[in-house]
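I'll drop the sequence and a predicted model, then ask my questions.
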Amino acid sequence: MIRIAIAGYGNLGRGTELAVAKNPDMKLVAVFSRRDPASVKILTEGVPVCSLDDIESWKGKVDVMILCGGSATDLPVMTPAYAKDFHVVDSFDTHARIPEHLAAVDAAARKGGNTAMISVGWDPGMFSLNRLYG
């Protein structure tokens, strides 16, 4: 069973929660938010909502951290910061800055001995595949 945590509970985080629920080999173990955890209501019963400030205490309790922040300001900071402690997946989609983002995330992930996947999702992931096929 792959233990999944979600960092960020906006539209992407809610969609990720629904996707995890559809996969029998995955289990949502935590949701992290900048908002007051008591004010965040998630769909999955029994899963704690925690402050992003407490994310490091979950090291060893999470197999993959799915980062659901925004590409403009969140992911350039979050992904390298969390890649040193967790296997991470993000949906960074600022195309012109992908090489820079990749370099920062790769360095952090290598330092922590983790795997990091960036730019996963509809854009640029699916759009790039569409361009390849076209």
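Thanks, I have it. Just so it is clear, the structure is predicted and the values come from calculations on it, not from any experiment.

remind me, longest strand of the protein?
strand 26-33 (DSSP state E).

quick check, distance from that strand to the centre of its chain.
Remark: strand 26-33 is offset 10 Å from the chain centroid, using CA atoms, centre = their mean, to the nearest Å.

can you list the strands that that strand pairs with?
Strand 26-33 pairs in its sheet with strand 2-7 (parallel), strand 49-51 (parallel), by DSSP bridges.

for the ones you listed, give me a markdown table that also has mean neighbour count.
Glycine gets a C-beta too; all of them are placed from N, C-alpha and C. Listed next are the strands paired with strand 26-33 as a markdown table, based on neighbours: other CB atoms under 10 Å:
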| stretch | mean neighbour count |
| --- | --- |
| strand 2-7 | 22 |
| strand 49-51 | 17 |
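
for residue 97, find the nearest of those.
Residue 97 sits nearest to strand 2-7 of all those, at 19.7 Å, using CB to CB.

tell me the helix or strand right after that closest one.
Next helix or strand after strand 2-7 toward the C-terminus (DSSP states H and E): helix 11-21.

for the chain, what spans make up the strands?
Using DSSP E, strands in the chain cover 2-7, 26-33, 49-51, 64-67, 87-89, 116-117.
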